[in-house]
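*Asks:* Please work out how this folds:
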Amino acid sequence: MSAAFKKALKSRQKNHKERSQPGFRKKLGLLEKKKDYKVRADEFKKKRNTLDALRRKALDKNPDEFYFKMTSSKLQDGVHVIKQKPEEVTDEQLKIMRTQDIKYVEMKRVAEAKKIERLKAELHLLDVEKKPKNTHTFFCDTKKEVRDFELAKRLNTVEELVNRVYNRPTIETLHNQTVNGPTNSRALKKLAKQRRHQYRILSQRIEREKKMFVVSQKIQARKDIMEKREKVKVKKETVNSAPIYKFKKQRKR
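*Replies:* Numbers count the residues shown, from 1 in each chain. Here you go, the predicted structure:
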């Protein structure tokens, strides 16, 4: 074997290792090797190239340029955020529209409407909170009569029944007839509790009937879209209303 080949033989060569951090410099951390420098250099170059590209983009930007994302995004805390579109159909409405037919939905809505009318006829909406207050105007002939005006005397009833808008008997009725019904406070509280419960059921049925009406309108609008081709949207679909379309008039032969 020649001497030159012995010198070139890798198995006889010494492995050169990078030196480690000296003992008196251990407090400074690990000594950076070439592979660590390579990662740091690549990261620095990447950031530098990104900044250069953004700087060129800012210099070449046209202030009058328009793109459609401007209308669908907004600036929030210095960050562009996509605007959330308003909800058009709730999950409950979508489930009913996919599984039920318009005839079934309309049948349930009519049933709810009849129950609402029956409850209104029974309750008469006497103590509802949002009901506008009725006004009763009394006419007097003289100023003295206005000063001495007494509501209980004018209504011919007792002071305790003046604020009642229903079942307000006169003094003669109280003297001549016996008022039937519970007289103790416990029974009156029970009746008031039952009345509030009935009004709560009535409000729930009214809300359910409104939802059924909106669902039936949306199903009908989708059927109309499937049947007719040329259309123009007049009003967008929302949670509480169906979309409105304007169809082109076609003469039937």
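*Asks:* For whichever strand or helix holds Met70, which outside residues touch it?
*Replies:* Taking DSSP states H and E as the definition, Met70 sits inside helix 69-72. Here helix 69-72 makes contact (CB atoms under 8 Å, 6 or more residues apart in numbering) with 82-83. For every residue, glycine as well, the C-beta is placed using N, CA and C.
*Asks:* Which segments of the chain make up each domain?
*Replies:* Using automatic domain parsing, the domain ranges for the chain come out as 33-60, 91-247.
*Asks:* so for the last one, what's the average pLDDT?
*Replies:* Averaging pLDDT along domain 91-247 gives 76.
*Asks:* and that domain, how far apart are its ends?
*Replies:* This stretch, domain 91-247, spans 28 Å end to end (CA to CA, to the nearest Å).
*Asks:* quick revisit: could you dump the domains of the chain into a markdown table with mean neighbour count and distance to Val79 added?
*Replies:* What follows is the domains of the chain, written out as a markdown table (neighbours: other CB atoms under 10 Å; distance: least, CB to CB, whole Å):
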| stretch | mean neighbour count | distance to Val79 |
| --- | --- | --- |
| domain 33-60 | 10 | 15 |
| domain 91-247 | 12 | 28 |
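*Asks:* closest one to Gln13 among those?
*Replies:* In this view, these are compared for proximity to Gln13 by CB to CB, and domain 33-60 is the closest at 19.6 Å.
*Asks:* quick check: mean pLDDT across that closest one?
*Replies:* Mean per-residue pLDDT for domain 33-60: 93.
*Asks:* cool, and stretch 65-75?
*Replies:* Average pLDDT, stretch 65-75: 82.
*Asks:* What ranges does the stretch 1-150 of the chain have for its strands?
*Replies:* Taking DSSP state E, counting those that start in this stretch, the strands of the stretch 1-150 of the chain run over residues 73-76, 79-82.
*Asks:* Quick one: those as CSV, columns for distance to Lys249 too.
*Replies:* Converted to CSV, the strands of the stretch 1-150 of the chain look like this (distance: least, CB to CB, whole Å):
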stretch, distance to Lys249
strand 73-76, 39
strand 79-82, 39
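*Asks:* which residue ranges form the strands in the stretch 151-253 of the chain?
*Replies:* Assigned strands in the stretch 151-253 of the chain, in chain order: 231-235, 244-247 (criterion: DSSP E, counting those that start in this stretch).
*Asks:* Just checking: what are the partner strands of the shortest one?
*Replies:* For strand 244-247, the paired strands and their directions (DSSP bridges) are strand 231-235 (antiparallel).
*Asks:* shouldn't Tyr199 be in contact with Leu123?
*Replies:* Yes: with contact defined as CB atoms under 8 Å, Tyr199 counts as touching Leu123 (6.8 Å).
*Asks:* from the middle of its chain, how far away would the helix holding Met70 be?
*Replies:* Taking the mean of its C-alpha atoms, helix 69-72 sits 22 Å from the chain's own mean (CA atoms, centre = their mean, to the nearest Å).
*Asks:* for stretch 146-153, same thing?
*Replies:* In terms of CA atoms, centre = their mean, the gap separating the centre of stretch 146-153 from the centre of its chain is 51 Å.
*Asks:* ok, back up a step: can you add mean neighbour count and distance to Lys143 and give the strands of the stretch 1-150 of the chain back as a markdown table?
*Replies:* Putting the strands of the stretch 1-150 of the chain into a markdown table (neighbours: other CB under 10 Å; distance: least, CB to CB, whole Å) gives the following:
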| stretch | mean neighbour count | distance to Lys143 |
| --- | --- | --- |
| strand 73-76 | 10 | 64 |
| strand 79-82 | 9 | 68 |
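*Asks:* Quick check: which of these is nearest to Lys45?
*Replies:* strand 79-82 (26.2 Å).
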